[in-house]
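S.K.: mind folding the following:
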Amino acid sequence: MSFRSRLVLAAAYLLSAVVVALVIPLALTVERRADSDFQAAVLGDAAILAARIADLVATAGTQPRAAPPARLAAIVAESTRAREERIVVTDAGGRVLSDSDRLARRGTFYATNARPEFRVALFRGQIDARRRFSDSLGEELLLITVPVVDRERVVGAVRVSTSTADVESGVRA
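M.R.: Sure, this is the predicted structure:
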């Protein structure tokens, strides 16, 4: 092999190494950005929903045995149309007022050790964002739980859970 061929080959190897060295950090940045944007969108949905239903949750929480307000159920159902999300709304004591998938019955205590995100929102008054693998669905979920505040007190919580599969497949593509 001639010197010129070796020089061209070395330049090609060097160029390939530089491209690989730049593409990996770029891919990681794109992944973080997509994940951050996704989490911000879900958080925005949860916060808007919490603000919309604050007075309904405050009223429903004072009457635990009463039927769930039709307006609360309608707002929760309307909120799930935009995305494939599950929304669970609880009162200040952690009892379910509404579940968009109707898996949890009204009055079921949801602020358990198995669902610490509700405890954070209800008893600390903080927003909780976490990822958890769902055995029943067989996929990773993003859980955003926001306290519902009425007249400067926490009257309930809204948890929005959604699959992370679409974001991950978009980043890979």
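S.K.: following the longest helix that the chain contains, which helix or strand comes up?
M.R.: When the chain is parsed with DSSP state H, its longest helix is helix 3-61. Once the chain leaves helix 3-61, the next helix or strand it forms, by DSSP states H and E, is helix 70-79.
S.K.: now the helix or strand where residue 97 lies - C-alpha only, PDB.
M.R.: Per DSSP H and E: residue 97 is located in strand 96-99. Taking C-alpha atoms only, strand 96-99 is exported to PDB below (Å, rounded to 0.1, in the frame of the first residue of the first chain):
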ATOM      1  CA  VAL A  96     -60.200   8.600  45.500                       C
ATOM      2  CA  LEU A  97     -62.800  11.000  44.200                       C
ATOM      3  CA  SER A  98     -62.300  10.200  40.500                       C
ATOM      4  CA  ASP A  99     -60.300   7.800  38.300                       C
END
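S.K.: what sits up against that strand?
M.R.: When contacts are defined by C-beta atoms under 8 Å, 6 or more residues apart in numbering, strand 96-99 is touched by residues 57, 60-61, 68, 72-73, 76, 86-91, 104-108, 110, 156. For glycine as for every other residue, the C-beta is placed from the backbone atoms N, C-alpha and C.
S.K.: re the thing from before, so the longest helix of the chain versus helix 70-79, what angle?
M.R.: 170 degrees (axes from the mean of the first three to the mean of the last three C-alpha atoms, to 10 degrees).
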